[in-house]
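In: From the sequence below, what's the structure:
(2 chains)
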2 protein chains.
Amino acid sequence: MTKMVVTPWDVTGKIDYEKLIKEFGVKPIDEKLHARIVKLAGEDHHLLRRNIFFAHTNLDKILDALEKGEKVWLYTGRAPSGPVHLGHIVSWQFTKWLQDKLGLHLLFQIPDEEKFLFKEGMTFEQGQEWLTDNLKDIIAVGFDPKKTKIIIDTKHADLMYKTAVEIAKRTTASQAKALFGLKPEDNVGKYFYSCMQSVPAFLPTIMEGKPTQVLIPCAIDQDVHFRLTRDVAAKLGYPKPSTILCRFLPALTSDGKMSSSGENVIAMGDDAKSVRKKIMRYAFSGGKDTVEEHRKHGGDPDVDVAYQWLTFFEPDDRALKSIHDAYRSGTLLSGEMKQTLVDVLVPILEAHQQRKDEITEKDIQKFLIR
Amino acid sequence: MTKMVVTPWDVTGKIDYEKLIKEFGVKPIDEKLHARIVKLAGEDHHLLRRNIFFAHTNLDKILDALEKGEKVWLYTGRAPSGPVHLGHIVSWQFTKWLQDKLGLHLLFQIPDEEKFLFKEGMTFEQGQEWLTDNLKDIIAVGFDPKKTKIIIDTKHADLMYKTAVEIAKRTTASQAKALFGLKPEDNVGKYFYSCMQSVPAFLPTIMEGKPTQVLIPCAIDQDVHFRLTRDVAAKLGYPKPSTILCRFLPALTSDGKMSSSGENVIAMGDDAKSVRKKIMRYAFSGGKDTVEEHRKHGGDPDVDVAYQWLTFFEPDDRALKSIHDAYRSGTLLSGEMKQTLVDVLVPILEAHQQRKDEITEKDIQKFLIR
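Out: Coordinates of the predicted model:
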């Protein structure tokens, strides 16, 4: 088993989430916080209930503000460098739910320089080739066009650079090195980049003209950026942004997270046939070696990736439990578990693709901050 | 005598220009280059003739392009953090002459984040307070509004940031440390800043849609930025920018350069009375201790700051020579030398102030790149 590495640019190995909570200095989402969200939203969400969104920073401040009826912004993002896949959509669907249920505004950042700065050998243009495609995927999630602003780092740098510079002045090269593991031979863009990623955490306050709370739903690997943002917020007199953090959708082959740079990725554009093929072929199974053994001893849903994925994508608790129990008892075979996942994913993907196909250049313009 | 220090943010001590030429890897402007400029311009300029613009990089490439009738852009800049003074105007007047005589377009950068990033304790707003005032000083120099574009880093970052990021990817933190003497405890904005200063060297090629030569007139302390620009140009496939470099207008008290942060600065807004007072009081004299001795032995124009300033501001060679000889012979006293300088400067300042007073917000808008 490979060693656990969790940075914004690299997630590998068996993830120990308890350890990450301690290392990153974040907090678990406890029952009390969960209940407050449910009360405000008027309903529960399976990603909360199943502890997939499992950790946070300062979430209580967000809930305080919402309970007082104050305006709160959401902020999340996507660095284009390839197709959007199921791993991205998890957090965005939850973000949409927060927007819908809590009536929140959303700032969606496209740091179109990030991957270019951090990936050896990648050109800026290689990222730009995916820009429009990724924007359509984002919009296809169904965010409210009246309450969602997409901000693209290079296109809207005039709205960001001044604030990035304010952040940069309060961030030393030593801090950037320590937080992001940078080396002297790394490019200066890597040193500066996190300042750009901090900006949307402060833009709501700038746009609203008054201190405005911001909640950032994202995977836990991104929290390190916002640790820097929180440090600087105090120095600049902005509210510290809050995060609500999710686990990674596991790679089909089990370790680490599903990542665009890995193989066996299920992209949002994949058709039913290739989804079935990838899952059947690659999804790490918790089943026994033979049908006979499986029927006799049952499978292990806890290590079965198809089952783990169902915890992300099958919102019905009763359906999930019956799958779990049938697998455990040996009634449900490994291939059947995989087919169940295929049957859940294909409609999600097809509905997404249909929405995406209808999105025009004009729709994109409507979402852009300017 | 203090040690010579020449960085873009600090110039102190007795300046040894021969040593700087070697250290910075630039070249002296020889007779041949001088003659080519004169031929293209149709006239000579006293700042060239007197070797005040004394060094360069790749100037021959600019002259080649001009001789072939190719379009060449000028690029210079100003970081607002206080009033514009005579030290700034020297290089800008020469830039205007190049524009007028050679018909060149000019990109004038306002890196309004630079001083903020590099000056401890300075706020961004303290720089912005000087922005409009400095813009009026720049425009009052008389640049051609049809051929001059002013670009402000924070306002026009959307035109710059993408290219800055391209530059940043090719610049390591080690290089930035070595070139600019940065330390780990320096802020990350300092590491990134030079990438922004490089951008206008490439914008003409981007705007013209074809490789376009750029000539940067500036004081020699700025060349280090363009050393980085030249390194990166090759990697990005842009023409290397050329520089034409001037000496510093000496501080009135003799060592180093006149700088806004020093005392005894003559700002472009100073009135006749205060100019006279400062020069009489502070200008380091090359005269003798008593009138009698001076009459007998003569003064030393080479160390007399008033005389040195006249080499910058009195364009008439014959007038200058007669001042020089009269001082050397003892006919001209130190106070008279200073009065001669006052008589040269006051009309320059008053004409500048009159032009500046007439500049409106609308005029500024006409000069902005967008």
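
In: Tell me where the stretch 251-370 of chain A has helices.
Out: A:272-282, A:291-297, A:305-313, A:317-329, A:334-357, A:361-367 (DSSP state H, counting those that start in this stretch).

In: list the contacts for the nearest residue to residue A:41 once chain neighbours are set aside?
Out: Excluding its sequence neighbours, the residue lying closest to residue A:41 (CB to CB, 6 or more residues apart in numbering or on different chains) is residue A:101, at 3.7 Å. For glycine as for every other residue, the C-beta is placed from the backbone atoms N, C-alpha and C. Residue A:101 is in contact with A:40, A:41, A:42, A:43, counting by CB atoms under 8 Å, 6 or more residues apart in numbering or on different chains.

In: I'd like to know which of these is nearest to residue A:232.
Out: Closest approach between the contacts of residue A:101 and residue A:232, by CB to CB: residue A:40, at 28.6 Å.

In: List the contacts of the closest one.
Out: A:63, A:66, A:67, A:101, A:102.

In: Show me those residues that map onto helices.
Out: For the contacts of residue A:40, the ones inside helices are A:63, A:66, A:67, A:101, A:102, with DSSP state H as the criterion.

In: quick one on the thing from earlier: just the pLDDT for the residue nearest to residue A:41.
Out: At residue A:101, the pLDDT value in this model is 98.

In: Check residue A:257 too.
Out: Confidence score, pLDDT, at residue A:257: 80.

In: now do residue A:262
Out: Looking at residue A:262, the pLDDT reads 63.

In: so where is the stretch 1-150 of chain A shaky, pLDDT-wise?
Out: Along the stretch 1-150 of chain A, segments meeting pLDDT under 70 span A:1.

In: which stretches of it form strands?
Out: A:5-7, A:10-12, A:27-28, A:53-57, A:72-77, A:105-110, A:148-152 (DSSP state E, counting those that start in this stretch).

In: I'd like those laid out as JSON lines, including distance to chain B and mean neighbour count.
Out: As requested, those are arranged in JSON lines below (distance: least, CB to the nearest CB, whole Å; neighbours: other CB atoms under 10 Å in any protein chain shown):
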{"stretch": "strand A:5-7", "distance to chain B": "17", "mean neighbour count": "17"}
{"stretch": "strand A:10-12", "distance to chain B": "18", "mean neighbour count": "18"}
{"stretch": "strand A:27-28", "distance to chain B": "28", "mean neighbour count": "14"}
{"stretch": "strand A:53-57", "distance to chain B": "22", "mean neighbour count": "23"}
{"stretch": "strand A:72-77", "distance to chain B": "16", "mean neighbour count": "23"}
{"stretch": "strand A:105-110", "distance to chain B": "13", "mean neighbour count": "23"}
{"stretch": "strand A:148-152", "distance to chain B": "9", "mean neighbour count": "23"}
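
In: Of all the ones you listed, which one is nearest residue A:283?
Out: strand A:10-12 (18.5 Å).

In: Partner strands of the closest one, with direction?
Out: Next to strand A:10-12 in the sheet, as set by DSSP bridges, lie strand A:5-7 (antiparallel).

In: what about the strand it pairs with, distance to the chain center?
Out: Put simply, strand A:5-7 sits 15 Å off its chain's centre (CA atoms, centre = their mean, to the nearest Å).
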